[in-house]
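>>> Quick one, fold the following:
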Amino acid sequence: MAMKVSRLLSRRILGNALQRTAATWPGVMVGGWGYQGKTETVCEVAAEFEDTWLEMNGFVNPGARPGVRALHAPVAYVQTPVTATPKGLCEAILGFFGAPTKGLTLPQLVRQVAAALDDHGVLVLILDDITRLRLHRVDDQDAFDLVRAFMSMNVTLVLVGVDIAGSGLLRRASWDKRGKQWVMPAMEGGRVHGLEVTQTERRFDFVELDRFRYTTPAHIQAFHNHLVGLESGLRLFNAGPDMLVGGGMPEYLMRRTGGVVGLLNRLIEDGAHEAMDSGRELIDEELLDGIVLSLDDPGRDPAAGEVPRIPATASPPVAAAGRKRESAGAGRRGRNTVFDDTGPVAQTGA
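This is a model prediction of the structure:
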């Protein structure tokens, strides 16, 4: 699934950047639940594009004016504020460039954002956690209109969020069967908070990043391939071959993490640290049973689905076997001691 997202995103970003027309560039929406690796996948593709683009242009902004300093940042990454307003969104974007925002009005902030994107030659604008926008609120609707207006500035807009399909962001969009894209209607009026926008429809490719499954041979093979990749990056002295893919280890890891990439990476990372600290230099089920997964991340919004549910930890085999023996012993009838010889009766002196 990550390969599908990577191919689509890479094709769209590079295709838009090489366009010579003034048409509004189509964007990409990447959905999925929390800790599925959406941000990591998008940032890897964007970083690869940035390296390629900088090398193609000799690490110089091709749109810079002669005689001025060339500030070139082909990719800009911004996290959507928890309480999203047009002003807060502009301040978050300008914060990426380190531009001052104090005392500026909303129209001034919008103009500053437009100038920053143009001056730095930004071709890709990534807005993470976009589903923090609640479109039943007026401020959030204004913020989303501003986001769509940025597409008029020849940038590829990449929106990343949890459950985009159910968030309402596509509420006013229609599905184009021929182009296999979501189409949003043209924006009313020619300006949004002082920013001139093109009167064309906005198109988005929508792709969803799901968790690993363990139901079909193809799903199982994909999970095994991911474990092989994780194992190749571990440097433990006592690690034997197939440490993560041998025996019942894949099934155990699937039960512990539910196939969520972020939980799986956290479990293996914590297990590797524990293996080194304890001197075992090996990851097995017994060691991982002592690892408690915790996702106390203040930067995530659980109400928005950004924090997944952690599967219940399986009981350690030794403890489970001990409880089984205790329960079996509790239900068994004790031995009859009526005819036991207790020995001679002790004599008591006067």
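
>>> looking just at contacts, which helices and strands does the helix or strand hosting residue 288 meet?
Element membership of residue 288 [criterion: DSSP states H and E] is helix 285-289. If contacts are counted by 3 or more C-beta pairs under 8 Å, 6 or more residues apart in numbering; DSSP states H and E, helix 285-289 sits against helix 249-257, helix 261-278, helix 317-330. In this view, the C-beta of every residue, glycine as well, is placed from N, C-alpha and C.

>>> Would you pull up how far stretch 222-240 lies from the middle of the chain?
21 Å (C-alpha atoms, centre = their mean, to the nearest Å).

>>> Show me which parts of that stretch are buried, residue by residue.
By 16 or more other C-beta atoms under 10 Å, the buried positions in stretch 222-240 come out as 222-224, 226-227, 230-231, 234, 236, 239.

>>> any chance of these in TSV, with distance to residue 103, secondary structure and pLDDT too?
What follows is the buried residues of stretch 222-240, written out as TSV (distance: C-beta to C-beta, whole Å; DSSP: H, G, I helix; E, B strand; the rest coil; pLDDT from 0 to 100):
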residue	distance to residue 103	secondary structure	pLDDT
222	52	helix	88
223	53	helix	90
224	56	helix	91
226	49	helix	89
227	53	helix	92
230	49	helix	90
231	54	helix	90
234	51	coil	89
236	55	coil	89
239	57	coil	86
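
>>> May I have the phi/psi pair for residue 27?
Per-residue torsions, residue 27: phi -110, psi -180 (degrees, to the nearest 10).

>>> what does residue 175 give?
Main-chain torsions, residue 175, degrees, to the nearest 10: phi -90, psi 120.

>>> Please give me every residue in contact with it.
181-183 (C-beta atoms under 8 Å, 6 or more residues apart in numbering).

>>> Give me the subset of those lying in strands.
By the criterion of DSSP state E, membership of these in strands covers 181-183.

>>> Could you single out the nearest of those residues to residue 275?
The closest of the ones in strands among the contacts of residue 175 to residue 275 turns out to be residue 182 (C-beta to C-beta; 45.9 Å).

>>> So what's the residue count around residue 272?
Around residue 272 there are 19 other residues, counting by other C-beta atoms under 10 Å.

>>> ok, now how distant is it from residue 233?
9 Å (C-beta to C-beta, to the nearest Å).

>>> now swap in residue 108 and tell me
From residue 108 across to residue 233, the span is 47 Å (C-beta to C-beta).

>>> try residue 203
Note on residue 203: its distance to residue 233, by C-beta to C-beta, is 38 Å.

>>> which residues touch the closest residue to residue 165 other than its chain neighbours?
Leaving aside its chain neighbours, residue 165 sits nearest to residue 31 (6.2 Å; criterion: C-beta to C-beta, 6 or more residues apart in numbering). Residue 31 sits next to 38, 161-165, 206-209 when contact means C-beta under 8 Å, 6+ apart.

>>> Any quick ChimeraX command for the buried ones out of those?
Those of those that count as buried under 16+ other C-beta under 10 Å are selected in ChimeraX with:
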select :38,161,162,163,164,206,207,208,209
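
>>> Turn the contacts of residue 31 into a markdown table, including pLDDT and distance to residue 245.
Shown next, in a markdown table, are the contacts of residue 31 (pLDDT from 0 to 100; distance: C-beta to C-beta, whole Å):
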| residue | pLDDT | distance to residue 245 |
| --- | --- | --- |
| 38 | 88 | 25 |
| 161 | 86 | 33 |
| 162 | 84 | 30 |
| 163 | 78 | 31 |
| 164 | 79 | 33 |
| 165 | 74 | 33 |
| 206 | 84 | 33 |
| 207 | 83 | 28 |
| 208 | 81 | 27 |
| 209 | 81 | 23 |
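
>>> Lowest average confidence across the helices and strands packed on helix 285-289, which one?
Note on the helices and strands packed on helix 285-289: helix 317-330 shows the lowest mean pLDDT, a mean of 46.

>>> which one is residue 87 nearest to, not counting chain neighbours?
The shortest distance from residue 87 to any non-neighbouring residue, by C-beta to C-beta, 6+ apart, is to residue 106 (5.1 Å).

>>> would you list every one of the strands in the chain?
According to DSSP E, the strands that the chain contains are 27-31, 75-79, 124-128, 156-160, 174-176, 181-184, 191-192, 195-196, 202-208.

>>> and the angle from the longest one to strand 156-160?
If I follow you right, that is strand 202-208. Here the directions of strand 202-208 and strand 156-160 differ by 40 degrees (axes from the mean of the first three to the mean of the last three C-alpha atoms, to 10 degrees).

>>> Can you pull out the low-pLDDT segments for the protein?
Applying pLDDT under 70 to the chain flags the ranges 1, 20-23, 67-70, 134-140, 171-172, 185-201, 295-308, 312-350.

>>> now residue 243: how far from residue 90?
Taking C-beta to C-beta, one finds residue 243 at 49 Å from residue 90.
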